[in-house]
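Trainee: Mind folding the following:
(2 chains)
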Amino acid sequence: MKKEKITITVDGKEVAAYAGETILDAAKRAGIYIPTLCHHPLLSNTGACRMCVVKIEGTGRQNLNSSCTTPVNDGMVVTTESPEIKKMRRLNLELIFSERNHQCPFCEKSGNCELQAVAYRLGMDYVRFPFLWPKKEVDASHPDIIHDANRCMLCGRCVRSSEEVDKKGVFAIKGRGIDSDVTVNIDGRLGDTEVTKDDVAIQICPTGSLCEKGLAYSERYGERRFDMKPIEGPVEPK
Amino acid sequence: MSKKIEINPVTRVEGHGKVTIHLDDNGAVEDARLHIVEFRGFEKFVQGRPFWEMPTLSQRMCGICPVSHHLAAAKTCDALFSSKVPAGADKIRRMMHNGQVLQSHALHFFHLCAADFLLGFDSDPAQRNVIGLINADPELALKAVRLRKFGQEVIQFTGGKKIHPTGAIAGGVNAPVTDEARKYMRENVDQIIQWGIDGVEICLNYYKENVDLFNTFASFDTGYMGSVNEEGELQLYDGKLRGIDANGQIVFDQLPYENYLDEINEAVEDWSYMKFPFFKKLGYPEGSYRVGPLARFNIADSISTPEAGKYFDIFKEIANGKPVKGSLFYHFARLVEMLHATELIKEGLEDDDIQSTDLIHKGKMINEGVGIIEAPRGTLIHHYKVDDDGLLERCNLIVATTQNNVGMNSAVSTIAKSFIQPGKEITEGILNRIEVGIRCYDPCLSCATHAVGQMPLSVDIVDKQGNVVKQLVRD
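Mentor: Reported below is the predicted structural model:
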């Protein structure tokens, strides 16, 4: 079936879109950057991280909407950048950073980390909230993979990739609210699963939470993915 | 009435230190101690982390000699991975270490200590610092800055960054030296060596003019430890441990790094967070020893490079081959080591292996590893135990300053006893002399004490009941 073409306005610019696609996808095609973390083109969208929030005019609603989960309508008027949106994204980032132990200086994902790269791109140079310093265990039971919950931001990419792409369903989110955590086969260890380092779930973790063993710090400072240019969107799996 | 004087905190030293001087009823010095009053606990909070993070994680202890921790940790990781580090990687790491020795020794002497010598122990404290040095001798100050700059550039070219590099990784390094970097270093290294010679000459001349001061200032007996090769030649990156007693007799020799616990133990005192290592054979406190440039020069039979070798021979003549005891000689040995490092950098630049692309080797993972390096301040020991998954269960870090703990305390008490006398006013200059003693050993207590920050100085004079009867404060 041929997709119906419609027109929306993004940041004052007329953008061609297909009915039913998300604001994020339409904006991306038009070359407009909207920061994302939980979104990945290979996966379904859940709107978990709220980084991609935008303002939709004429809805009568005061709140911002996640552009990765909101479908376009003909004539829709969207603002992706404003002081208000900037403020909300930055606030959100600071909350994400304060919840876990995101220690960039010695993290092996540093320079290749989407969370770090988005924080740089959005100019988050400090965190105003007290750090919670949760004590999380590292699971290094898998011969090729390390799972460090200290660096998890609960985006759910691993959960969705394992379910939707890898078809293994190994990861899940357990607990509620601040006590949520990614769990492996319900409180199991990664070494006891059929996960491999080539699984999309491992490849597209946006932080240092899921890393391939043996690659730590193997890229020279200055030559890592986000050292020289800002993040443009989610990383591709190998 | 007995009194206690406190120097708190100690200045031009990174990290927090406090000195207390206990006076007896007559006002004579009874005892003096350097207290290490902070605690950072790296050994504890790395537990549970993957061990291959340690080269990057442990170096965050310090901003002056992170490379020493970076490399000691990398060597420990090599041991844990049963790695045979490829020749190219080994040479790149050595060059990184020599860059570190150069920049750290230059900082230590010129930026933090030279003002005491060139302006005088009793000169105005407002001028007695690196800014005062720039005003007094701009040409020298510029050379000092450029020496340090070159050292940091060497670190950048071999490790990726000037401070907190990430080049050394478990089993090797992550990149070779580039053509441009090698060319740049080759073009500049001869000038750097010349400035290194100039630096040694400044210290040597100062010594010749102040022979008595050097021989008496904070001069005391201890053992000494450092690394040598099979021929007894001084080694900075890798070798075997040699320990000698106060008379220069060998206590142990050719001790493989992994067996350090056969010869070394650590004592604990209730007034300091810092431990007190000693030679097992001699017991505590008799077996206390010093490490660092002076100790290395005392234990070594020779040094490999020609220019540094000339000054090494002069050093050996000072006490006719016996151990040199005076703490100020640390500075002389330090500057000769700095020169040695510049010469080693030049040697390394002529070796094509630094541009090799065979840079990593990993074998079977084992559960325990030791990595030791001769850091600028002295022997640095990293020792990890890991579980079968590679997560750290136990980590022991014995840093140079910890091993110099007894040395620094002896320096403090020797100086206090020499200069503080009953009925005589305790001047700022006397307090500075105590700091001069500490700074012979370390401009940086942070890795041993795990502290950060700069410090003003305050002196508390306290009676036997612990009441402060007089306080001198210097910002």
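
Trainee: can you give me the strands in chain A?
Mentor: Ranges of strands within chain A are A:5-10, A:13-18, A:53-56, A:65-66, A:77-79, A:138-139, A:145-148, A:171-174, A:181-184, A:210-212, based on DSSP state E.

Trainee: you'd agree B:Ile345 is up against B:Val101?
Mentor: No. Counting by C-beta atoms under 8 Å, B:Ile345 stays clear of B:Val101, with 9.4 Å between them. Every C-beta, even on glycine, is put in place using the N, C-alpha and C of the backbone.

Trainee: what residues are up against the residue of the stretch 351-475 of chain B at minimum distance from chain A?
Mentor: The minimum distance from the stretch 351-475 of chain B to chain A, using C-beta to the nearest C-beta, falls at B:Asp389 (3.8 Å). Going by C-beta atoms under 8 Å, 6 or more residues apart in numbering or on different chains, B:Asp389 touches A:Ala140, A:Ser141, A:Gly191.

Trainee: Over to A:Phe171?
Mentor: A:Cys158, A:Val159, A:Ser162, A:Val182, A:Thr183, A:Val184, A:Ala201.

Trainee: Which of these sits closest to chain B?
Mentor: Within the contacts of A:Phe171, the smallest distance to chain B is 14.1 Å, found for A:Val184 (C-beta to the nearest C-beta).

Trainee: What is the burial count for the residue nearest to the closest one when sequence neighbours are not counted?
Mentor: In this structure, A:Val184 finds its nearest non-sequential neighbour in A:Leu190, 5.3 Å apart by C-beta to C-beta, 6 or more residues apart in numbering or on different chains. Look at A:Leu190: counted by other C-beta atoms under 10 Å in any protein chain shown, it has 21 neighbours.

Trainee: returning to that earlier point: could you save the contacts of B:Asp389 as a markdown table and add columns showing pLDDT and distance to chain B?
Mentor: What follows is these, written out as a markdown table (pLDDT from 0 to 100; distance: C-beta to the nearest C-beta, whole Å):
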| residue | pLDDT | distance to chain B |
| --- | --- | --- |
| A:Ala140 | 97 | 4 |
| A:Ser141 | 97 | 5 |
| A:Gly191 | 96 | 8 |
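
Trainee: Quick one: those as TSV, columns for neighbour count too.
Mentor: Below are these laid out as TSV (neighbours: other C-beta atoms under 10 Å in any protein chain shown):
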residue	neighbour count
A:Ala140	24
A:Ser141	19
A:Gly191	16
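
Trainee: Next, format those as TSV and append distance to B:Leu133.
Mentor: Listed next are the contacts of B:Asp389 as TSV, based on distance: C-beta to C-beta, whole Å:
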residue	distance to B:Leu133
A:Ala140	50
A:Ser141	56
A:Gly191	58
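
Trainee: coming back round to it: pretty sure the residue nearest to A:Val184 contacts A:Pro143?
Mentor: No. Under the criterion of C-beta under 8 Å, A:Leu190 makes no contact with A:Pro143, lying 9.7 Å away.

Trainee: what's the farthest-apart pair in the contacts of A:Phe171?
Mentor: A:Thr183 and A:Ala201 (13.4 Å; C-beta to C-beta).

Trainee: Low-confidence regions, chain A specifically.
Mentor: Within chain A, the stretches with pLDDT under 70 are A:1-2.

Trainee: distance of the residue nearest the centre of it from chain B?
Mentor: Nearest to the mean C-alpha position of chain A, by C-alpha atoms, centre = their mean, lies A:Leu37 at 1.6 Å. Counting by C-beta to the nearest C-beta, to the nearest Å, the separation of A:Leu37 from chain B is 23 Å.

Trainee: now A:Asn65
Mentor: 39 Å.

Trainee: how about the helices in chain A?
Mentor: A:23-29, A:83-99, A:114-121, A:157-164, A:200-203 (DSSP state H).

Trainee: Hmm, B:Phe110 and B:Ala144 touching each other?
Mentor: Yes. Using C-beta under 8 Å, B:Ala144 is in contact with B:Phe110, at 3.3 Å.

Trainee: For chain A, list the residues in contact with chain B, please.
Mentor: A:105-106, A:108, A:137-138, A:140-141, A:146, A:191, A:213-214, A:216-223 (C-beta under 8 Å from any C-beta of the partner chain).

Trainee: mind running it again at 10 Å?
Mentor: A:103, A:105-108, A:110-111, A:135-143, A:146, A:148, A:150, A:189, A:191, A:211, A:213-224 (C-beta under 10 Å from any C-beta of the partner chain).

Trainee: In contact with the residue nearest the centre of chain B: list those residues for me.
Mentor: Centre of chain B computed as the mean C-alpha position; nearest residue by C-alpha atoms, centre = their mean is B:Arg377, 0.8 Å away. Applying C-beta atoms under 10 Å, 6 or more residues apart in numbering or on different chains to B:Arg377 gives the contacts B:62, B:64-65, B:68, B:104-105, B:108, B:291-293, B:330, B:334, B:399-401, B:403-404, B:441-444, B:447-448.

Trainee: Look up how far B:Ala295 lies from it.
Mentor: Note on B:Arg377: its distance to B:Ala295, by C-beta to C-beta, to the nearest Å, is 10 Å.

Trainee: shared neighbours of the two, which are they?
Mentor: Shared contacts of B:Arg377 and B:Ala295, counting by C-beta under 10 Å, 6+ apart, come down to B:Tyr330, B:Ala400, B:Gln403, B:Asn404.

Trainee: Torsion angles phi and psi at the residue found closest to the second one once you drop the neighbours it is linked to in the chain?
Mentor: Leaving out its chain neighbours, the residue that sits closest to B:Ala400 by C-beta to C-beta, 6+ apart is B:Gly378, at 3.1 Å. When read as degrees, to the nearest 10, the backbone of B:Gly378 gives phi 140, psi -170.
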